[in-house]
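In: only the shape, not the letters, is given here:
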């Protein structure tokens, strides 16, 4: 019975992970697109500024693109274990204790990112309702805030999957 | 509970989250900042702070230079520029005793001038140079030690992500920090070369017969420096002349690196994708650490701990250089335990005000702590660069790499001492910028 439950749990985790991987591929593709746009925009601005016609709103667009690029990459960066952590001490503990400590650490991170997701989403909604626009281009910028919120939501999902995996192991 | 006590508990909690629960540095700082803010101000204020701070930092124009400079380095890395640099330097100085090791140091230095990643430099230099060193029967430990230490040059030689972040975090000119790093990188490289030369005198049998190459090949090899030189002078020249901002320098550098790679047909679509993905991951990691560090420093500012420590330090009846030496010692130990970037962002709010109160030049302090923390990349137990070298090199283990690094530690120490005695080494070039 216990084995059956364990196997079912592993199957569920596998399926969630497949969906997560697919979503991450889309997010990283979008982030790459914005990175190329950012590079080209800055270069075009240098060229035109030196000709006396600077591209209006470059600074604010670059900032928005930066938020989208790194926001959408949060989950993949977590998945690839690229967020720097200090595991010198944890590695000295027995494997089982390491898993318990990682479980608690992941749980705290998950709680934090759930809070962040809600707060960033609320912030975007506030900007949307206030009909706030950017300073130079006068464009609505709440979609960029929502994109960041989407990124924090996906990192929460990634951490949740990590917790499920650790739970299944422990 | 006094604000200072809460601050100290916060710092302790940060260490617990980092060391015991393996929570990434950026997340840990953000969590402690959030909790501290909630305790000292209110829970609602803390909720609002995390949302707005994350957005404000992620959408900051200043931070956009990070992905652009990282992209420039990644494009160069995936297009095989460091291999061409190594081949060129090897053709030029391979005939000198120990020339192969010196060539790898120069190649690391050249690649550092366009890519700020220690690990990328270490991985390729090991793959490219180590088989040659083995072929010519160079001492294995010394060989990998030279590669590992040479790879750390990327953090001090511009464009360096660490220097960018110090500039943004302490409100200093990034162009000036870049120019401050140039001389330190050159000095450290020369000290590495001197170390190799001295070892070659003491242990001549570690350096077998040098390679002979004709003047025709030497002349041809010079083209290997062309791309790196062009990119470096484009970026630094543009910054010096004020033609573009640091962010634009990163963008122009990336575009040029891409155009050169396309012209040479040295970058496949697959590798370009890898360069983009790696750039995005590294930038995301940096952005998250910055956002966490800002949340943490908001909390620290309320507790007034940084200012209290600075006041306490200047009231000590000790010479300023001694206090500074203690700070440097903490950075050496911290660098050995933690990634340089994370360590700097955690400690700058605490130690930067101390250095300023003691009357030290902010630029000098920023560059010298960058150099000191790079030592951590080659010292146990963390030593990220040494792990990469040991993982890539065949026929030598981690212990052997650490042993090889030991030969170059005196060079680091001499460099730090020289920079303390002659601070102008750092400040001379930046002061020339208007």
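Out: Right, received. Where do you want to start? The structure displayed is predicted, hence computed values, not measured ones.
In: please enumerate the helices of the stretch 101-250 of chain B.
Out: B:118-135, B:140-151, B:153-156, B:161-170, B:174-202, B:215-221, B:223-241, B:246-264 (DSSP state H, counting those that start in this stretch).
In: could you say which of those helices is packed most deeply?
Out: helix B:140-151 (a mean of 29; mean count of other Cβ atoms under 10 Å in any protein chain shown). C-betas here are computed from N, CA, C, even on glycine.
In: that one - what's its average pLDDT?
Out: Across helix B:140-151, the average pLDDT comes to 92.
In: before we move on, back to that, who wins for proximity to residue A:42 among the helices of the stretch 101-250 of chain B?
Out: Closest approach to residue A:42 among the helices of the stretch 101-250 of chain B (Cβ to Cβ): helix B:246-264, 3.3 Å.
In: helix or strand right after that closest one?
Out: Following helix B:246-264 in sequence order, the next helix or strand is helix B:269-303 (DSSP states H and E).
In: in that next one, what counts as buried?
Out: For helix B:269-303, a neighbour-count test (16 or more other Cβ atoms under 10 Å in any protein chain shown) marks B:271-272, B:275-300, B:302-303 as buried.
In: that older thread, would you turn the helices of the stretch 101-250 of chain B into TSV with distance to chain A?
Out: Formatted as TSV, the helices of the stretch 101-250 of chain B follow (distance: least, Cβ to the nearest Cβ, whole Å):
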stretch	distance to chain A
helix B:118-135	11
helix B:140-151	18
helix B:153-156	14
helix B:161-170	12
helix B:174-202	15
helix B:215-221	31
helix B:223-241	8
helix B:246-264	3
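In: mean pLDDT lowest for which of those?
Out: Across the helices of the stretch 101-250 of chain B, helix B:215-221 has the smallest mean pLDDT, namely a mean of 66.
In: what packs against the host helix or strand of residue B:329?
Out: Assigned by DSSP H and E, residue B:329 falls within helix B:320-337. Packing partners of helix B:320-337 (3 or more Cβ pairs under 8 Å, 6 or more residues apart in numbering or on different chains; DSSP states H and E): helix B:340-357, helix B:362-374.
In: 10 Å instead, please
Out: In terms of contacts (3 or more Cβ pairs under 10 Å, 6 or more residues apart in numbering or on different chains; DSSP states H and E), helix B:320-337 is packed against helix B:305-315, helix B:340-357, helix B:362-374, helix B:409-421.
In: could you find the closest non-adjacent residue to residue B:376?
Out: Distances taken as Cβ to Cβ, 6 or more residues apart in numbering or on different chains put residue B:335 closest to residue B:376, at 2.7 Å, once the chain neighbours are dropped.
In: the one you found: neighbouring residues, count only.
Out: Close neighbours of residue B:335, defined as other Cβ atoms under 10 Å in any protein chain shown, add up to 23.
In: wait, isn't residue B:300 in contact with residue B:345?
Out: No. Judged on Cβ atoms under 10 Å, residue B:300 makes no contact with residue B:345 at a distance of 11.9 Å.
In: find residues that contact each of these two.
Out: Shared contacts of residue B:300 and residue B:345 (Cβ atoms under 10 Å, 6 or more residues apart in numbering or on different chains): B:29, B:293.
In: what residues does the spatially most central residue of chain A make contact with?
Out: Nearest residue to the geometric centre of chain A (Cα atoms, centre = their mean): residue A:74, 2.7 Å. The neighbours of residue A:74, taking Cβ under 10 Å, 6+ apart as the test, are A:27, A:31, A:83, A:113, A:116, A:148, A:150-156, A:158, B:58, B:281, B:284-285, B:287-288.
In: can you check the pLDDT for the spatially closest residue to residue B:228 that is not a sequence neighbour?
Out: The shortest distance from residue B:228 to any non-neighbouring residue, by Cβ to Cβ, 6+ apart, is to residue B:110 (4.9 Å). pLDDT recorded at residue B:110 is 85.
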